[in-house]
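*Asks:* Return a 3D structure for these sequence lines:
(2 chains)
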Protein chains: 2
Amino acid sequence: MSRRHSPEETKIALHGVVEEMYKRMMKGEPPTMTLPVRSKTNIGFDKKYGVFKYGKKKTIRDATSLGSAKQLLRALHVVEFIEEMIDAGKSSTLREMYYISEAWGLGHFNSQNESNNLAEDLEIVTKCLREDFKLRPEEDGARIIGNVTINELNRRGEWMRINARDDVGDSGYGLPYNVENEKIQFLEHDVKFIMAIETGGMFDRLVENGFDEEWDCALLHLKGQPARSTRRFLKRMNEEWDLPVVVFLDGDPWSFRIYASIAYGAIKTAHISEYLATPSAAYIGITPDDILAYDLPSDDLSKNDIQALKAELTDPRFADGMWQDRINLMLEMGVKSEQQSLAKYGLDYVTDTYLPEKMAEAGL
Amino acid sequence: MSRRHSPEETKIALHGVVEEMYKRMMKGEPPTMTLPVRSKTNIGFDKKYGVFKYGKKKTIRDATSLGSAKQLLRALHVVEFIEEMIDAGKSSTLREMYYISEAWGLGHFNSQNESNNLAEDLEIVTKCLREDFKLRPEEDGARIIGNVTINELNRRGEWMRINARDDVGDSGYGLPYNVENEKIQFLEHDVKFIMAIETGGMFDRLVENGFDEEWDCALLHLKGQPARSTRRFLKRMNEEWDLPVVVFLDGDPWSFRIYASIAYGAIKTAHISEYLATPSAAYIGITPDDILAYDLPSDDLSKNDIQALKAELTDPRFADGMWQDRINLMLEMGVKSEQQSLAKYGLDYVTDTYLPEKMAEAGL
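*Replies:* Residues are numbered from 1 along each chain as shown, chains lettered A, B, ... in the order given. Below is the predicted model of the structure:
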């Protein structure tokens, strides 16, 4: 299911975008670019991959209004910029591309959001990946600790064999922004599952309590909403090593979204959900039930939280009855809790009591 | 200048706090805790260390009001909690301590801020460090790439020799939260200086452009406002290896504060500035002058930005004429710029032109 393209293939795919516009103009017609609607109203379950992908609703961008014409002009500038980077062996952050557009006159971006979206648009149209375009995010990758061994091609062009337990300091192995096969290879492991954790404090707690050694697992710190590279890394471990993934998050509407992006696919990247999502990832908690059952310290839901929960009720990824119940229960309770609130019962409670109970409940 | 205390010494120092309260109560007097005023109105330059430290203004917390009495009660609970951790060989995040306080009845914390401040108060009173208390922050440490070799005592009790160029992946060596001598030893290096960088995007840019190899330097990603461990790590490299530190930040009021915390000492940690601050650290930019001289893309100052700049004008750390001019110039211009805005001139401009010019200007 590879969508990866060589530099030459990427250039050809990008030229296709330009060619389509050129041909229409030569016929005296306004150039166009056709894209799927990229919102929750247009995602649906893909049975083949078990993830959520864009549906059939399309938007057509054509150069009959000034705004759309500028968007197409930007796309052409970006195509040129990517081609220059490929030729020069360079890469760029999305933020740098935003600033580079300053020199594009009428084609310059008005916001970072615009340039991020355009990079994704081009992925959709060309079927390439952002990595092929040499564009990378600002955000940091995650870190992992555990007995898993990978090969990383470093910037000096040497393959380095790194064991994420024996060859790293206590901060673990930091994921690079490109975790595709030309950069990262998965060599071997001796773990039974991967636990993905939302906060650094809880990650450090499980490390200090030796949870990974007692349970033969690897621990991965998601750093909040996980970057693409983090989701892809999880997916590859799940697929190539057939390892179960267990997800342990805060108990709030944003954590539900984190889980959805890991297991079902994120809305913004629904065109590549089959690359990024791990359908079998199990959600451990903190569930709204847990807040009651374990009598956890909690905070009132903010207006933003309530809005997010209500939006989730109509999100196809949460259409399942269990999720509807969870979301409605949280709305009813009016509170949320953090993973670290388990410390109310002492520093060992999470590893001695909570996680063993929840893992047993989930049949793990 | 070691303030580090063994577990036994730490307990004795903490008992001193309790003893003082106990003795006053035995005399029929309300217990007290005396602390320096911890704001910019009470920091002054310390000639011996070349950093800013708390001055002579004191606040006395006594148990004659309910609020102060609760603060003293909290201090006693925290002393007990720290002693338990020392005995159990555990550590805890500040967030966990906040939640653990749920069980302290009247002594529980009302906000995370309260518990963070109390940890610092106890550092001041006992002359211990937070590391002695086994308390650690939630925030991540920074990462470093370059030809520097350190020894890290990992959690299995083994010393690991790690070269931050040859033994790590592209994400570099991640700093643990404790970088004191019992955990990190500085072995050897082959660099001429350290460059500390605010944003991940710019760090990756300098790595990709090979700036560290061309200039024989190590690159350190600060991750925004640097954690204590990051400032301490810089300080130790500066002191133990006699390496110059060069600081490269965004051009906004918050970056000025980052520089001040690195070079002069942060207000919240002014009791240990001589541990954390590197007085010789050189500020490279982005300066307000640069925004004009390099005609950089900029954003309007927000209300918050303007407020921060005005507060800096009366901050003793910025009393110097050069800083007053810089701050006033930014207020006058009404704009700020990011480091990555240099990409306006292409991806190599920062390493080919901007940094060489600024380094020469600074005599580096």
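*Asks:* going forward, measure contacts and count neighbours with C-alpha atoms only.
*Replies:* OK.
*Asks:* The residue nearest to the spatial centre of chain A and residue A:136: what is the separation?
*Replies:* Against the mean C-alpha coordinate of chain A, by CA atoms, centre = their mean, the closest residue is residue A:228 at 3.6 Å. When CA to CA, to the nearest Å is applied, the distance between residue A:228 and residue A:136 equals 10 Å.
*Asks:* biggest helix in chain A, by residue count?
*Replies:* Within chain A, and with DSSP state H defining each element, the longest helix by residue count is helix A:66-88.
*Asks:* Could I have the CA atoms of it written out in PDB?
*Replies:* The C-alpha coordinates for helix A:66-88 follow below in PDB (Å, rounded to 0.1, in the frame of the first residue of the first chain):
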ATOM      1  CA  LEU A  66     -10.000  36.300  -7.000                       C
ATOM      2  CA  GLY A  67      -9.700  34.100  -3.900                       C
ATOM      3  CA  SER A  68      -9.700  30.800  -5.700                       C
ATOM      4  CA  ALA A  69      -7.400  32.100  -8.400                       C
ATOM      5  CA  LYS A  70      -4.900  33.100  -5.700                       C
ATOM      6  CA  GLN A  71      -5.100  29.600  -4.200                       C
ATOM      7  CA  LEU A  72      -4.300  28.100  -7.500                       C
ATOM      8  CA  LEU A  73      -1.400  30.500  -8.000                       C
ATOM      9  CA  ARG A  74      -0.100  29.500  -4.500                       C
ATOM     10  CA  ALA A  75      -0.300  25.900  -5.500                       C
ATOM     11  CA  LEU A  76       1.900  26.600  -8.500                       C
ATOM     12  CA  HIS A  77       4.500  28.400  -6.400                       C
ATOM     13  CA  VAL A  78       4.500  25.600  -3.900                       C
ATOM     14  CA  VAL A  79       5.100  23.100  -6.700                       C
ATOM     15  CA  GLU A  80       8.100  25.100  -7.900                       C
ATOM     16  CA  PHE A  81       9.500  25.400  -4.300                       C
ATOM     17  CA  ILE A  82       9.200  21.700  -3.700                       C
ATOM     18  CA  GLU A  83      10.900  20.900  -7.000                       C
ATOM     19  CA  GLU A  84      13.800  23.300  -6.000                       C
ATOM     20  CA  MET A  85      14.100  21.500  -2.600                       C
ATOM     21  CA  ILE A  86      14.200  18.100  -4.200                       C
ATOM     22  CA  ASP A  87      16.900  19.200  -6.600                       C
ATOM     23  CA  ALA A  88      18.900  20.800  -3.800                       C
END
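*Asks:* what about the closest residue to chain B within the stretch 201-350 of chain A, is that helix, strand or coil?
*Replies:* Evaluated by CA to the nearest CA, the stretch 201-350 of chain A has residue A:344 as its residue closest to chain B, separated by 4.4 Å. Using DSSP: H, G, I helix; E, B strand; the rest coil as the criterion, the local structure at residue A:344 reads helix.
*Asks:* do residue A:56 as well
*Replies:* Going by three-state DSSP, the secondary structure assigned to residue A:56 is coil.
*Asks:* In contact with it, which residues are there?
*Replies:* By CA atoms under 8 Å, 6 or more residues apart in numbering or on different chains, the contact list for residue A:56 reads A:36, A:42.
*Asks:* just residue A:16 next, same as before
*Replies:* residue A:126.
*Asks:* Please name the residues that touch the closest residue to residue A:146 other than its chain neighbours.
*Replies:* Once its chain neighbours are removed from consideration, residue A:146 has its nearest residue in residue A:218; the separation is 4.1 Å (CA to CA, 6 or more residues apart in numbering or on different chains). Taking CA under 8 Å, 6+ apart as the definition of contact, the neighbours of residue A:218 are A:144-148, A:191, A:193-195, A:212.
*Asks:* what's the answer for residue A:268, then?
*Replies:* With contact set as CA under 8 Å, 6+ apart, residue A:268 has these partners: A:38-39.
*Asks:* which parts of the stretch 1-150 of chain A sit against chain B?
*Replies:* Applying CA under 8 Å from any CA of the partner chain, one finds that the stretch 1-150 of chain A approaches chain B through A:90-93, A:95-97, A:99-103, A:137-140.
*Asks:* which two in the residues you listed are spaced the farthest apart?
*Replies:* Across these, the longest distance by CA to CA is 27.7 Å; it joins A:103 and A:140.
*Asks:* The two - which one has more neighbours?
*Replies:* A direct count of neighbours by other CA atoms under 10 Å in any protein chain shown for residue A:103 and residue A:140 places residue A:140 higher, at 20 against 13.
*Asks:* Residue A:161 is in contact with residue A:151, correct?
*Replies:* Yes - when contacts are counted by CA atoms under 8 Å, residue A:151 is listed as touching residue A:161 (4.5 Å).
*Asks:* Can you give me the domain boundaries for chain A?
*Replies:* In the assignment given by automatic domain parsing, the structural domains of chain A cover A:7-136, A:143-361.
*Asks:* Centre of the chain to the shortest one, how far?
*Replies:* In this view, domain A:7-136 has its centroid 19 Å away from the chain centroid, taken as CA atoms, centre = their mean, to the nearest Å.
*Asks:* Endpoints of that domain, how far apart?
*Replies:* 16 Å.
*Asks:* ok, back up a step: list the buried residues in the longest helix of chain A.
*Replies:* A:68-83, A:85-86 (16 or more other CA atoms under 10 Å in any protein chain shown).
*Asks:* Stretch A:51-70 now?
*Replies:* Of the residues in stretch A:51-70, those with enough neighbours to count as buried (16+ other CA under 10 Å) are A:51-55, A:61-63, A:68-70.
*Asks:* Now name the helix or strand holding residue A:247.
*Replies:* Here residue A:247 is covered by strand A:245-248, with elements defined by DSSP states H and E.
*Asks:* Which residue ranges of chain A form helices?
*Replies:* Assignment of helices within chain A using DSSP H yields the ranges A:7-26, A:66-88, A:94-100, A:112-126, A:200-208, A:211-215, A:228-240, A:253-263, A:273-276, A:288-293, A:303-313, A:321-333, A:349, A:355-361.
*Asks:* now those as TSV including mean pLDDT?
*Replies:* Supplementary listing: the helices of chain A in TSV, determined by pLDDT from 0 to 100:
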stretch	mean pLDDT
helix A:7-26	92
helix A:66-88	92
helix A:94-100	91
helix A:112-126	90
helix A:200-208	91
helix A:211-215	95
helix A:228-240	96
helix A:253-263	97
helix A:273-276	94
helix A:288-293	96
helix A:303-313	97
helix A:321-333	97
helix A:349	96
helix A:355-361	95
